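> Predicted coordinates and the sequence they were generated for:
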Amino acid sequence: MPSVHAIPVPEASLLAQFGKQSDYRDCFARGETDRFGAWEVVERKGSEILALSKDTNTASWFAIEPLDTGTRLKFGSWVGSIGESGWKALLRPHVWYSRQLLAGV
């Protein structure tokens, strides 16, 4: 298993500026990989990232869109061969969960 080491939180990062100075923050780096947990980055473009879930034939898409009034977070899903995969039965709960997640409920 590759080793992962703690690195200093970049001073100019949003993470470094968030909260109070005395709050806990951490940062870990392994810059030579496009894998994280159960996901593998398929593609990055501008403010978008597409991550494939290992062994599930699914992918998640995240994007941010700057607005005059703030930022819009977009989340989408891909399921390959949905009719044969067994995921079709989970589609309705997935759509509900996605909406709840983005609504901040």
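Received it, and whenever you're ready, just let me know what you need. Note that the structure is predicted; figures quoted are calculated from it, not measured. Residues are numbered from 1 along each chain as shown.
> Which residue ranges of the protein form helices?
For the chain, the helices defined by DSSP state H occupy 14-17, 82-85, 91-103.
> quick check, distance from the longest one to the centre of its chain.
On the basis of C-alpha atoms, centre = their mean, to the nearest Å, helix 91-103 is displaced by 15 Å from the centre of the chain it belongs to.
> what is the rounded mean pLDDT of it?
The average pLDDT within helix 91-103 is 79.
> name the helices or strands packed onto that helix?
strand 70-79 (3 or more C-beta pairs under 8 Å, 6 or more residues apart in numbering; DSSP states H and E). Where C-beta positions appear, they are placed from N, C-alpha and C, glycine not excepted.
> closest to Phe75 out of the helices of the chain?
helix 91-103 (5.9 Å; C-beta to C-beta).
> Now do the closest one and strand 70-79, the angle between them.
160 degrees (axes from the mean of the first three to the mean of the last three C-alpha atoms, to 10 degrees).
> And the contacts of helix 91-103?
73, 75, 77, 79, 82, 87 (C-beta atoms under 8 Å, 6 or more residues apart in numbering).
> Stretch 51-66 now?
Contacts of stretch 51-66 (C-beta under 8 Å, 6+ apart): 36, 38-42, 47-50, 71-81, 85, 87.
> which of those residues count as buried?
39, 49-50, 79, 87 (16 or more other C-beta atoms under 10 Å).
> Now render the helices of the chain as TSV, adding distance to Ser60.
Output for the helices of the chain, formatted as TSV (distance: least, C-beta to C-beta, whole Å):
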stretch	distance to Ser60
helix 14-17	21
helix 82-85	15
helix 91-103	10
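> returning to that earlier point: with pLDDT as new columns, can the contacts of helix 91-103 be given to me in a markdown table?
Formatted as a markdown table, those follow (pLDDT from 0 to 100):
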| residue | pLDDT |
| --- | --- |
| Leu73 | 82 |
| Phe75 | 81 |
| Ser77 | 79 |
| Val79 | 77 |
| Ile82 | 72 |
| Trp87 | 73 |
